[in-house]
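**Q** I'll drop the sequence and a predicted model, then ask my questions.
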Amino acid sequence: MASGDADIVLQARGLCKSFAGIAALEDVDLILRAGEVHALMGQNGAGKSTLIKLLTGVMRPDSGEMWVGGQAVSPSSPAQAQHLGISTVYQEVNLCPNLSVAENIVGGRYPRRRWTGAIDWNAVNAHARDVLAGLHLDIDPKRPLSDFPVAVQQMVAIARALSVSAKLLILDEPTSSLDEREVQELFAVIRRLREQGMAILFVTHFLDQMYAVSDRVTVLRNGRRVGEYSATALPHGPLVAAMVGREIAVGGRDAVQPAAVGEGATVLEAHALERRGQIAPTDLSLRAGEVLGLGGLLGSGRTELVRLMFGLDRADAGTLRIRQRDVTLKSPADAIAQGLALCPEERKTEGIVADLSVRENIALALQAKLGLRRFLGRSEQEALARRYVQLLEIKTASIETPLALLSGGNQQKVVLARWLATEPAVLILDEPTRGIDVAAKQEIMGHILRLARKGMAVLFISAEMDELVRISDRIAVMRDRRKVGELTGGCGEAAVYDLIAGADA
């Protein structure tokens, strides 16, 4: 591992950034060295994305200083950051699939013929071939990027970043769409770049991947730097504790037994359910009258798993059984017809229709379930809306009030009411209490428990571990896109973090 001031490629000190008076990043320091992979870890909202935007010139800091190669800098655009030798590869490959591989690598910097000024395509393709060879990637640079899988496109994005003589390569969640083999191929490239003296900032949610490739790690929490550590000197348990902000006594994985929950019939079973690059083969079962918690850090695969179970994404392998029958869900409409309901994680973008009224939002899912064969009349919609406004104590001036005018907690109750109106056998709740006040959170938790005690099967996802432990009869724990164990309800937060941290904690 490189050390000493001469090896410092980038140093940031006291970086601060606020939005509407709320601090997103506060007094953050960072040192990145040549020949070193430096991981950046933290939960959602920790400040990782904001820090990257400051380093790459997407945004300007409110205060703080930055040096590249010992020179004070203040990049005001990504192009300026690239000129300084800072290149970034984002989670979503932001290239042009209709253009060739070579055009994506060289685009915007085409070599020209001396006398005519026309693009020298031989030089373009030769340069692209040389850069790809440095990554041990043997593909035809003249072929369209769309001809290649996501893993190869990710490598092409790295090739583009390297083609501008980068000193620092920032990899923002580069493995999120890759399977295990592709991840290992990417890691081999990262190690070769490190050996060549590149400084690499590796942003990831995956604990095992961080340990596999990183030399040092900086942990952010709530916009502040918790600390900088040697990766080999930071065990899983203390890393998780630094990320979540609690001192967790993480022990071994002894005596993790499947829970014996209730006598309700099994209504939902997933067996070896898998989606390449997103979820490893996973088994899960859910009984009537049970709240099954799904725990894990952001990026562990919780949302991806329920998307498979609700027909939003298609599984590559495995089976799904609902009420003892094998089913194939080609769409959410199929899931609704089978008695499933999903309150999505992103309430504002996937849950509510802000411009529609409370009445219209509540009626949406039931109308979808009934289809074109039976239209819900205005009087039926009104009766339905009034029933659930009263049942869930939704605070609104009228059932005709646009949903955009309600508080976040009441918007969440409307989304819950929408799905309850379909009378589902299985209710999937993905972060149902995120971003709402304490009083509304307690009301929603109470409603969930009452629904379960009346026989509904509930799958409950929450990043709030105390909330998960308190409400769940049984907890399935996810880590790095796979289920790693199950615990009985009331097991305590430490037991959940133990599974998240892994056997070597």
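**A** Done, it's in.

**Q** now Gly490: closest residue in space, sequence neighbours ignored.
**A** Leaving aside its sequence neighbours, Gly490 sits nearest to Val469 (C-beta to C-beta, 6 or more residues apart in numbering; 6.9 Å). For the C-beta atoms, the positions are set from N, CA and C on the backbone; glycine is no exception.

**Q** any idea how far that neighbour lies from Glu185?
**A** Applying C-beta to C-beta, to the nearest Å, the value for Val469 to Glu185 is 38 Å.

**Q** the two: which has the busier surroundings?
**A** Just comparing Val469 and Glu185: by other C-beta atoms under 10 Å the higher neighbour count belongs to Val469, 21 against 18.

**Q** residues in contact with that one?
**A** Going by C-beta atoms under 8 Å, 6 or more residues apart in numbering, Val469 touches Gly293, Ile475, Gly489, Gly490, Cys491, Gly492, Glu493, Val496.

**Q** which SS state does it fall under?
**A** Following DSSP: H, G, I helix; E, B strand; the rest coil, the label given to Val469 is helix.

**Q** residue ranges of each domain in this protein, please.
**A** Structural domains of the chain, as assigned by automatic domain parsing, span the residue ranges 1-85+167-234, 89-165, 253-339+425-442+449-505, 353-423.

**Q** what's the closest of these to Ala241?
**A** Closest to Ala241 of the domains of the chain, according to C-beta to C-beta: domain 253-339+425-442+449-505, at 7.7 Å.

**Q** from the chain's centroid, how far away is that closest one?
**A** 16 Å (C-alpha atoms, centre = their mean, to the nearest Å).

**Q** pLDDT weak spots in the stretch 201-350 of the chain?
**A** Across the stretch 201-350 of the chain, the ranges flagged by pLDDT under 70 are 246-263, 346-350.

**Q** tell me which stretches of it form helices.
**A** Using DSSP state H, counting those that start in this stretch, the helices of the stretch 201-350 of the chain run over residues 207-213, 236-244, 302-309, 332-337.

**Q** now stretch 404-417: average pLDDT?
**A** Summarised as a single mean, pLDDT over stretch 404-417 is 81.

**Q** which parts of that stretch are buried?
**A** Within stretch 404-417, the residues that qualify as buried by neighbour count (16 or more other C-beta atoms under 10 Å) are Leu406, Gly409, Asn410, Gln411, Gln412, Lys413, Val414, Val415, Leu416, Ala417.

**Q** return the member of the residues you listed nearest to Thr328.
**A** Nearest member of these to Thr328, counting by C-beta to C-beta, is Val415, at 26.6 Å.

**Q** confirm for me that that closest one is in contact with Ala341.
**A** No - look at Val415 against Ala341 with C-beta atoms under 8 Å: they stay out of range, at 10.1 Å.

**Q** contacts for stretch 375-393 next, please.
**A** Contact with stretch 375-393 is made by 358-360, 362-363, 366-367, 370, 394, 396, 399, 413, 416-417, 420-421, 443, 447, as judged by C-beta under 8 Å, 6+ apart.

**Q** run the last query once more with 10 Å
**A** If you take C-beta atoms under 10 Å, 6 or more residues apart in numbering as the criterion, stretch 375-393 is touched by 357-364, 366-367, 370, 374, 394-396, 398-400, 410, 412-414, 416-418, 420-421, 440, 443-444, 447, 450.

**Q** what's around Asn122, how many residues?
**A** The number of residues packed near Asn122 is 10, by other C-beta under 10 Å.

**Q** check contacts around the nearest residue to Met155 once chain neighbours are set aside.
**A** Closest residue to Met155 apart from its sequence neighbours, by C-beta to C-beta, 6+ apart: Leu137 at 5.3 Å. Leu137 is in contact with Val101, Arg129, Val131, Phe148, Val152, Met155, Val156, Ile158, Ala159, Glu185, Val189, counting by C-beta under 10 Å, 6+ apart.

**Q** show me which parts of stretch 118-126 are buried, residue by residue.
**A** Residues Asp120, Trp121, Val124, Asn125 are the ones in stretch 118-126 that count as buried (16+ other C-beta under 10 Å).

**Q** make JSON lines from those and add secondary structure and distance to Arg275 to it.
**A** Converted to JSON lines, these look like this (DSSP: H, G, I helix; E, B strand; the rest coil; distance: C-beta to C-beta, whole Å):
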{"residue": "Asp120", "secondary structure": "coil", "distance to Arg275": "43"}
{"residue": "Trp121", "secondary structure": "helix", "distance to Arg275": "39"}
{"residue": "Val124", "secondary structure": "helix", "distance to Arg275": "36"}
{"residue": "Asn125", "secondary structure": "helix", "distance to Arg275": "35"}
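
**Q** which one of those sits closest to Ala463?
**A** Among the buried residues of stretch 118-126, and counting by C-beta to C-beta, the member closest to Ala463 is Val124, at 46.1 Å.

**Q** hang on, the closest one packs against Ala118?
**A** No - taking C-beta atoms under 10 Å as the definition, Val124 is not a contact partner of Ala118, at 11.3 Å.

**Q** what touches both of those two?
**A** Tyr110.

**Q** just for the stretch 51-200 of the chain, where's the confidence low?
**A** Scanning the stretch 51-200 of the chain for pLDDT under 70 picks out the ranges 91-93, 108, 176-177, 179.

**Q** so for stretch 290-303, what gets flagged as buried?
**A** Neighbour counts over stretch 290-303 (16+ other C-beta under 10 Å) mark 290-297, 299-303 as buried.

**Q** so which of those are in strands?
**A** If you go by DSSP state E, those have Val291, Leu292, Gly293, Leu294, Gly295 in strands.

**Q** how about the contacts made by the first one?
**A** What that stands for is Val291. Residues in contact with Val291 (C-beta under 10 Å, 6+ apart) are 261, 427, 429, 445, 448-449, 451-453, 456-460, 468, 471-475, 489.

**Q** quick check: it vs Trp121, distance?
**A** Per C-beta to C-beta, Val291 is found 61 Å from Trp121.

**Q** what helix or strand is the residue nearest to Cys96 when sequence neighbours are not counted on?
**A** Computed as C-beta to C-beta, 6+ apart, the closest residue to Cys96 that is not its neighbour in sequence is Asn104, at 6.0 Å. Using DSSP states H and E, Asn104 falls within helix 101-106.

**Q** now for that helix, which elements pack on it?
**A** Contact partners of helix 101-106 among helices and strands, from 3 or more C-beta pairs under 10 Å, 6 or more residues apart in numbering; DSSP states H and E: helix 121-134, helix 150-162.

**Q** just the angle between the shortest one and helix 121-134, please?
**A** If I follow you right, that is helix 150-162. Put simply, helix 150-162 runs at 110 degrees to helix 121-134, going by axes from the mean of the first three to the mean of the last three C-alpha atoms, to 10 degrees.

**Q** for helix 150-162, list the C-alpha coordinates in PDB.
**A** Extracted in PDB, the C-alpha atoms of helix 150-162 (Å, rounded to 0.1, in the frame of the first residue of the first chain):
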ATOM      1  CA  VAL A 150     -24.000  -4.900 -19.000                       C
ATOM      2  CA  ALA A 151     -20.700  -6.200 -17.500                       C
ATOM      3  CA  VAL A 152     -18.900  -5.400 -20.800                       C
ATOM      4  CA  GLN A 153     -20.600  -2.000 -21.000                       C
ATOM      5  CA  GLN A 154     -19.300  -1.400 -17.500                       C
ATOM      6  CA  MET A 155     -15.800  -2.200 -18.600                       C
ATOM      7  CA  VAL A 156     -16.200   0.200 -21.600                       C
ATOM      8  CA  ALA A 157     -17.300   2.900 -19.200                       C
ATOM      9  CA  ILE A 158     -14.100   2.300 -17.300                       C
ATOM     10  CA  ALA A 159     -12.100   2.300 -20.500                       C
ATOM     11  CA  ARG A 160     -13.600   5.700 -21.400                       C
ATOM     12  CA  ALA A 161     -12.600   7.000 -17.900                       C
ATOM     13  CA  LEU A 162      -9.100   5.800 -18.300                       C
END
